[in-house]
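1. Build me a model:
(one chain, ligands or ions: 1)
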Amino acid sequence: MSAPQHPTQLQGISLESIAQQFGTPLYIYDGEKIVTQIKSLQTAFATVPLKIKYATKALSNISILKLVKKAGGGVDAVSIEEVKICMLAGFSASEIMYTPSGVNFREIQEAVELGVMVNLDSIPLMEEFGAVYGDTKPACIRINPHIMAGGNAKISVGHIQSKFGISIQQLPEILDVVKKYAINIVGLHIHTGSDILDAEIFLKGGNVLFEAAMNFPNLTFLDFGGGFKVAYKAGDPFTAIEEVGTKVSAAFNVFCEKYGRKLELWLEPGKFLVSESGYLLVESTVVKKTPQLTFVGVDSGLNHLIRPMMYDAFHDVYNISNPEGELNPYNVVGYICETDTLAKDRMLAKVSKGDLLVFKNAGAYGISMASNYNSRLRPAEVLVWEGKAQLIRKREEFEDLLRNQVEIAI
Ligand code: LLP
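-> Residues are numbered from 1 along each chain as shown. Predicted coordinates for the structure are as follows:
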């Protein structure tokens with residue numbers, strides 16, 4: 001159950017040398033780890049026709065998307081922009097699922113015109129979709145299964161008070177609209193939340209899908225969403241993917257017998273594929289002792305990694321510059337004019353100004369949730385792939401902040 005040791009190198013290249021070459025703050029991803037995660041899902045679900053639809057929102061760099069494609073994955077996109085990036089990365093329209101949440105219908109039409117299947121998440125959207133397309137375009141329905149699951153309230157999205165999906169209790173209405181427009185429903189979808197540990201939750205969700213599915217004769221797939229939990233520190237529990245694979249696949253195969261046809265099983269992992277592949281490298285800018293605490297200030301903050309502030313998420317951090325140093329308690333804080341505590345009360349090897357600190361689990365919802373708050377620049381990104389560290393996003397420059405600003409005469 002323990003997380004891996006703190007790495008000092010990826011594929012034989014030291015993290016320090018990458019930081020020297022590209023500067024800090026810097027996001028670094030280990031491409032091999034992403035491929036390993038994809039393979040472990042494929043192994044865990046080997047007895048069903050599995051399609052992996054990577055949740056692009058977790059990390060949407062085009063080079064990462066290309067890597068996912070090369071490893072055999074498809075994608076789930078949540079905005080028309082994500083759809084377009086995925087297409088630029090080489091995904092065909094049929095490999096992309098578009099799962100919008102309450103977007104303008106124009107955006108839905110744009111996706112449909114690109115040939116991308118839409119996951120319908122409200123009855124009004126089903127009505128609009130049916131009125132325009134009738135039975136001419138295949139579609140999926142996002143069901144809200146009313147299951148309370150997820151690491152915290154903000155990322156629990158399958159319960160009865162969640163904005164997502166169409167309530168399973170509204171199935172009769174769903175069926176009425178499908179019938180009214182003869183909408184060609186080829187898939188049913190659920191996504192109950194993120195950081196879900198328990199295999200039983202995926203089974204419970206599956207049972208909701210199985211029951212609903214008997215009302216839809218044209219299905220080709222059932223989509224179980226994402227949400228597998230990864231370890232954020234040594235000893236942290238993580239989803240036992242083999243157990244989920246074995247149990248869900250067995251139930252799925254039994255269901256397919258009953259349904260009378262072999263369907264595809266879709267999964268939409270984000271964190272599971274990319275969280276552990278990513279590292280955020282920052283430099284210590286000041287070590288500041290106060291009467292009660294010792295703060296390490298770094299050249300980063302909530303503008304680069306918002307998860308600790310937004311979800312009280314724990315990101316392990318270590319001092320790569322002084323690995324043998326005596327351990328001391330620190331609060332690692334950002335340079336933003338907010339209380340952006342990135343790591344609270346952590347034992348780190350003695351930190352000096354200029355040391356390089358490494359945050360782990362920075363691959364998922366790291367740079368994809370970054371901003372320019374405090375007029376700060378977003379970091380560069382580097383992918384280590386086939387033994388080479390290559391820049392996959394340039395560091396922002398001052399001009400980027402001004403690019404879309406319009407200065408008027410005052
Ligand atoms: N499918 C759908 C429809 C989703 O909304 C999500 C995530 C996923 C799949 C992937 O979930 P994952 O496997 O990554 O748990 N920013 C939060 C997580 C928000 C997840 C939003 N939806 C965080 O950093 O914890």
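2. Tell me where the longest strand sits in this protein.
-> Ranked by number of residues, the top strand in the chain under DSSP state E is strand 278-289.
3. Export only the CA atoms of that strand, formatted as CSV.
-> Once side chains and other backbone atoms are set aside, the C-alpha atoms of strand 278-289 remain, and they are given as CSV (Å, rounded to 0.1, in the frame of the first residue of the first chain):
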residue,chain,number,x,y,z
GLY,A,278,3.8,14.6,-12.9
TYR,A,279,6.2,16.6,-10.7
LEU,A,280,6.2,20.4,-10.0
LEU,A,281,9.7,21.6,-9.5
VAL,A,282,10.1,24.9,-7.6
GLU,A,283,13.0,26.8,-6.1
SER,A,284,13.1,27.9,-2.5
THR,A,285,13.3,31.7,-2.5
VAL,A,286,13.4,32.4,1.2
VAL,A,287,13.5,30.4,4.5
LYS,A,288,11.7,32.5,7.0
LYS,A,289,11.5,31.7,10.7
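4. So which other helices or strands are in contact with it?
-> Based on contacts counted as 3 or more CB pairs under 8 Å, 6 or more residues apart in numbering; DSSP states H and E, the elements that strand 278-289 packs against are helix 15-22, strand 26-30, strand 294-298, strand 356-359. (Glycine included, C-beta is placed from N, CA and C.)
5. Against residue 393, how distant is the nearest residue to residue 88 once chain neighbours are set aside?
-> Across the structure, with CB to CB, 6 or more residues apart in numbering as the measure, the residue nearest residue 88 apart from its sequence neighbours is residue 62 (6.1 Å). Taken as CB to CB, to the nearest Å, the spacing of residue 62 relative to residue 393 amounts to 9 Å.
6. and what of residue 82?
-> 16 Å.
7. now swap in residue 69 and tell me
-> Counting by CB to CB, the separation of residue 69 from residue 393 is 18 Å.
8. what's near enough to touch residue 74?
-> In this structure, residue 74 makes contact with 51, 52, 53, 54, 91, 95, 96, 97, judged by CB atoms under 8 Å, 6 or more residues apart in numbering.
9. The same query, at a cut-off of 10 Å, please.
-> Residues in contact with residue 74, defined by CB atoms under 10 Å, 6 or more residues apart in numbering, are 51-54, 68, 86, 91-92, 94-97, 266, 268.
10. Also residue 51?
-> Under the criterion of CB under 10 Å, 6+ apart, the neighbours of residue 51 are 45, 72-74, 95, 97, 221, 223, 264-268.
11. gap between it and residue 222?
-> When distances are taken as CB to CB, residue 51 and residue 222 turn out to be 10 Å apart.
12. where do the contact lists of these two overlap?
-> Taking CB under 10 Å, 6+ apart as the contact rule, the neighbours common to residue 51 and residue 222 are 264, 265, 266.
13. any idea which of the residues you listed is closest to the ligand?
-> The shortest distance between the ligand and any of the shared contacts of residue 51 and residue 222, using CB to the nearest ligand atom, involves residue 266 and amounts to 10.0 Å.
14. what helix or strand is that closest one on?
-> Taking DSSP states H and E as the criterion, the element that holds residue 266 is strand 264-267.
15. And the average pLDDT for the next helix or strand after that strand is what?
-> From strand 264-267 onward toward the C-terminus, using DSSP H and E, the following helix or strand is helix 271-274. pLDDT averaged over helix 271-274 equals 98, rounded to a whole number.
16. to the chain's geometric centre, what's the distance from helix 271-274?
-> Centroid separation for helix 271-274 versus its chain: 6 Å, with CA atoms, centre = their mean, to the nearest Å.
17. Mind giving me the packing neighbours of that helix?
-> helix 31-44, strand 50-55, helix 62-70 (3 or more CB pairs under 10 Å, 6 or more residues apart in numbering; DSSP states H and E).
18. Would you tell me which of those gets closest to residue 301?
-> Within the helices and strands packed on helix 271-274, the stretch nearest residue 301 is helix 62-70; the backing value is 23.3 Å (CB to CB).
19. So the closest one, near the ligand or not?
-> No: against the ligand, helix 62-70 shows no contacts by CB under 6 Å from any ligand atom, the least distance being 13.3 Å.
20. Buried ones in that helix, by neighbour count?
-> Buried residues in helix 62-70, defined by neighbour count with 16 or more other CB atoms under 10 Å: 63, 64, 65, 66, 67, 68, 69.
21. So which residues make contact with it?
-> Taking CB under 10 Å, 6+ apart as the rule, helix 62-70 contacts 29, 31-32, 34-35, 38, 52-54, 56, 58-59, 61, 73-75, 77, 82, 85-92, 95, 273-274, 277-278, 363, 381-383, 385, 390-393.
22. Can I get it in CSV, CA atoms only?
-> What follows is the C-alpha trace of helix 62-70 in CSV, where atoms were taken according to Å, rounded to 0.1, in the frame of the first residue of the first chain:
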residue,chain,number,x,y,z
ILE,A,62,-1.2,18.2,-27.0
SER,A,63,2.0,16.0,-26.6
ILE,A,64,0.4,14.2,-23.7
LEU,A,65,-2.7,13.6,-25.8
LYS,A,66,-0.5,12.2,-28.6
LEU,A,67,1.1,9.9,-26.1
VAL,A,68,-2.2,8.6,-24.8
LYS,A,69,-3.3,8.0,-28.4
LYS,A,70,-0.1,6.1,-29.2
